[in-house]
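In: Would you be able to build a 3D model of this:
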Amino acid sequence: MSAALVAAPVSWIRRRGLTDVAIRYGLVAALAVMSAFLALTRDTFLTVTNIQTMLLTSAVSIVIAVPLGMLLQTGGVDFSVGSALGLAVVLGGRFMADLGWNPLLACAVVMMLLVCVGLVNGTLCARWRLSPVVVTIGMLFLLRGLAFVLTGSEIRRDFGRGFAYLGRSRTVPFDIPFPVIIAAVWAGVLLVLWYRTRWGRHAHACGAGEEAAIDVGINVTRSRLSLYVLVAVGSGIGGLIQLSRLDSAPAVTGQNLELELLTAVLLAGVAFMGGHGSAANIMTGVLFLTVLGNGLIQYRVDTNWSRVVEGAVLVSSAGFQVVIVRAARCQRPQPTAGDPNGEATAVTAVAPRSARAEAKGEPVIEVEGATKRFGPVAALDGVTFGVRPGEVVALLGDNGAGKTTLVRALTGVHALDEGSVIVRGSVVELNSPLDAQALGIEAVHQRLGVVGIFDASENLFLGREPLVSNVVGRSIGWIDKRHMRSETAAELHKLGVRIPGRRTPVASLSGGQRQSVAVARAGRWARSIVLLDEPTAALGVQQSAEVLRLVRDLAEAGMAVLLVTHDMPQVLEVCDRFVVLRRGRVVAVEAVDEATSVERLVGLITGAVSTAPTHD
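Out: Numbering: from 1, shown residues only. Below is the predicted model:
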């Protein structure tokens with residue numbers, strides 16, 4: 001029995017990977033070990049009173065730290081949370097003590113004012129793109145100063161028994177402090193929304209892969225702004241709890257709280273101004289610091305030395321995270337037998353040119369006189385050509401020729417200054433990626449446009465997540481993950497792609513597998529047009545061959561494919577025609593046939609071969 005009990009967790013660790021287990025559960029294990037040590041060495045640690053004290057101490061921190069950690073994962077930060085909490089305390093005390101307002105009315109007005117604070121932070125940082133560090137540090141001083149101005153020389157006290165219930169009451173069955181219940185419900189709701197709804201997935205993608213989020217039409221500004229508002233709301237809730245607990249409204253309440261909360265969030269593994277980390281681990285980080293502080297008090301450690309210990313713990317945690325992340329980057333999935341993405345597996349060759357059906361009919365997508373300027377530089381200058389269904393057209397040119405600019409214009413990321421885009425015979429306006437998606441235009445961008453910490457299904461459905469069928473779930477944007485995973489498995493199987501696990505982050509996949517996920521997403525959603533910008537860049541020979549096979553499969557399915565590449569042999573292998581850009585202008589449009597050579601393609605790109613453009 002003992003051998004079986006040991007073998008089960010060892011097998012689980014091997015299956016998940018040691019680095020993944022360390023990142024996800026390392027802090028939980030450290031908290032458990034520290035709690036066990038204190039329980040064995042201090043008789044008062046596990047007493048009901050001490051546990052209630054620790055939970056009550058953690059409650060306000062959790063209320064603010066959870067949305068703050070989510071904000072950090074979207075690429076933002078807020079240093080003004082402590083001052084916002086202090087302002088909420090002062091405002092609540094002034095409304096109830098000086099103006100005699102009903103506690104419910106006072107709380108409602110305080111929360112509305114804190115929402116306004118969040119909107120100001122969000123507008124300045126997310127919409128106007130000002131530095132969030134500078135903006136929120138400025139708000140830290142502004143809000144704290146405002147709290148002192150409103151307080152004056154008198155501290156308000158005694159707000160009535162009804163309001164005292166918020167911070168000092170306990171539940172009847174288990175004698176749990178009411179603020180702990182508030183913190184648990186608040187954090188639970190936020191975590192469910194973060195992991196299971198469109199709002200949460202889109203907000204997380206904004207920090208973990210902002211360019212990918214923009215490419216699929218996610219409103220990055222709105223997502224970040226909503227988190228700034230949630231952080232301010234959390235500060236308001238925490239301030240009202242503190243006001244009720246203290247039964248007084250000192251302006252110094254919450255001073256330096258932002259540093260404690262950021263310490264807990266960073267301790268939980270959330271990357272500062274990045275996208276990595278676990279929102280669920282944030283509560284563990286808060287509890288870890290609370291238990292550590294309680295243990296230092298139990299051992300009667302001097303306050304100054306307590307700060308030294310807490311700082312050393314944070315630095316050690318940061319070093320541990322760096323080691324683990326580097327180890328994770330070095331870890332690569334091993335190819336399995338029959339894996340079409342493994343280096344040892346033969347890839348089906350692209351069909352010879354003689355076996356392909358000739359592309360016929362009118363172009364599915366055309367550009368006429370496309371012009372795009374960035375200041376005085378004309379990235380595109382009167383570009384005109386089209387792509388027919390079932391045809392792969394190579395877009396060639398040297399660096400800076402305008403290839404990527406054209407792809408981004410055709411997907412709605414850039415708006416053309418002049419010229420028009422024609423889809424299925426009609427002139428269209430492409431003002432955003434959503435406009436392009438509505439027309440059936442999909443793209444694999446040069447940077448792939450995948451979110452590394454998301455798995456294949458989350459990337460395949462990024463921006464288009466299916467919702468559950470029930471009315472309540474649809475109203476809050478509840479994602480149907482089971483449908484996503486089954487559809488993703490079907491799409492990847494259709495293209496002959498195999499990945500090591502359904503929930504494996506794409507950052508852990510090989511280069512060919514990541515490219516395959518991006519191509520599969522384009523094929524899944526494209527109704528008629530696929531744009532591929534350097535899909536084989538930085539790939540090995542075997543992986544490149546797999547991606548090229550996928551490109552031909554899309555064309556054989558009737559898609560119009562535009563392929564940007566610097567690999568001339570690939571043009572000869574998979575393309576039907578090629579368009580050469582030089583300094584933003586079309587200099588050649590020709591068919592690829594037996595007479596086409598690498599030398600001619602290179603000559604047209606560099607200008608060594610001169611020819612007038614011909615439009616098919």
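In: Show me what stretch 169-178 is in contact with.
Out: The contact list for stretch 169-178 (CB atoms under 8 Å, 6 or more residues apart in numbering) reads 48, 52, 55-56, 59, 165-168, 181. C-beta coordinates here come from the backbone N, C-alpha and C atoms, glycine included.
In: I'd like the mean pLDDT over that stretch, please.
Out: Here stretch 169-178 scores 84 as its mean pLDDT.
In: Can you list the buried residues in it?
Out: 176-178 (16 or more other CB atoms under 10 Å).
In: Could you do stretch 446-455 as well?
Out: Buried, per 16+ other CB under 10 Å, within stretch 446-455: 446, 448-455.
In: Check stretch 223-230 too.
Out: Of the residues in stretch 223-230, 223-230 count as buried by neighbour count, 16+ other CB under 10 Å.
In: Now it: average pLDDT?
Out: Averaged over stretch 223-230, pLDDT sits at 97.
In: can you list the residues that contact it?
Out: Outside stretch 223-230, the residues within contact range by CB under 8 Å, 6+ apart are 67, 70-71, 74-76, 78, 115, 118-119, 121-123, 125-127, 190, 199, 202-203, 206, 213.
In: circling back to that earlier point, nearest to Val89 among the buried residues of stretch 446-455?
Out: Ile453 (37.0 Å; CB to CB).
In: where does the closest one fall, helix, sheet strand or coil?
Out: For Ile453, the secondary structure call by DSSP: H, G, I helix; E, B strand; the rest coil comes out as coil.
In: so where's the protein shaky on pLDDT?
Out: Along the chain, the model assigns pLDDT under 70 to residues 1-23, 273-276, 320-359, 495, 538-539, 543, 611-616.
In: helix/strand/coil for Thr371?
Out: Three-state assignment for Thr371 (three-state DSSP): strand.
In: what do you get for Asp381?
Out: Put simply, Asp381 is strand when judged by three-state DSSP.
In: That one is in contact with Thr371, isn't it?
Out: Yes. Judged on CB atoms under 8 Å, Asp381 makes contact with Thr371 at a distance of 5.8 Å.
In: Just the buried residues of the contacts of stretch 223-230.
Out: Neighbour-count burial (16+ other CB under 10 Å) applied to those gives 67, 70-71, 74-76, 78, 118, 121-122, 125-126, 190, 199, 202-203, 206, 213.
In: Leaving out the residues flanking it, which one is nearest to Phe465?
Out: One correction, residue 465 is Glu, not Phe. Closest residue to Glu465 apart from its sequence neighbours, by CB to CB, 6 or more residues apart in numbering: Ile479 at 4.6 Å.
In: In contact with that neighbour, which residues?
Out: Applying CB under 8 Å, 6+ apart, we find Ile479 in contact with 196-198, 201, 465-468.
In: Neighbour-wise, which one of the residues you listed leads?
Out: Neighbours here mean other CB atoms under 10 Å. Within the contacts of Ile479, the largest count is held by Arg201, at 25 neighbours.
In: Quick one: residues contacting that residue.
Out: 195, 454, 458, 462, 465, 479.
In: Please flag which of these sit within strands.
Out: The members of the contacts of Arg201 all map outside strands under DSSP state E.
In: Widest-spaced pair of those?
Out: Tyr195 and Leu462 (14.9 Å).
In: just to revisit the earlier point, filter the contacts of stretch 223-230 down to the ones in strands?
Out: Using DSSP E to define strands, no part of the contacts of stretch 223-230 is located there.
In: Return the subset of those residues lying in helices.
Out: Per DSSP state H, helices hold the following members of those: 67, 70-71, 115, 118-119, 121-122, 190, 199, 202-203, 206, 213.
In: quick revisit: tell me the buried residues within the contacts of stretch 169-178.
Out: Neighbour counting by 16+ other CB under 10 Å classes 52, 55-56, 59, 166-168 among these as buried.
In: Nearest to Thr488 among the residues you listed?
Out: Among the buried ones among the contacts of stretch 169-178, and counting by CB to CB, the member closest to Thr488 is Ala59, at 39.6 Å.
In: Confirm that that closest one sits in a helix.
Out: Yes. When classified by three-state DSSP, Ala59 is found to be part of a helix.
In: thinking it is in contact with Ile182, fair?
Out: Yes. Applying CB under 8 Å, one finds Ala59 in contact with Ile182, separated by 6.9 Å.
In: Now do the shared contacts for those two.
Out: The contact sets of Ala59 and Ile182 overlap at Ile241 (CB under 8 Å, 6+ apart).
In: on that earlier part again, I'd like the buried residues of stretch 223-230 laid out as JSON lines, including secondary structure and distance to Asp98.
Out: Formatted as JSON lines, those follow (DSSP: H, G, I helix; E, B strand; the rest coil; distance: CB to CB, whole Å):
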{"residue": "Ser223", "secondary structure": "helix", "distance to Asp98": "39"}
{"residue": "Arg224", "secondary structure": "helix", "distance to Asp98": "36"}
{"residue": "Leu225", "secondary structure": "helix", "distance to Asp98": "33"}
{"residue": "Ser226", "secondary structure": "helix", "distance to Asp98": "33"}
{"residue": "Leu227", "secondary structure": "helix", "distance to Asp98": "33"}
{"residue": "Tyr228", "secondary structure": "helix", "distance to Asp98": "30"}
{"residue": "Val229", "secondary structure": "helix", "distance to Asp98": "28"}
{"residue": "Leu230", "secondary structure": "helix", "distance to Asp98": "29"}
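In: I appreciate the help and will end here.
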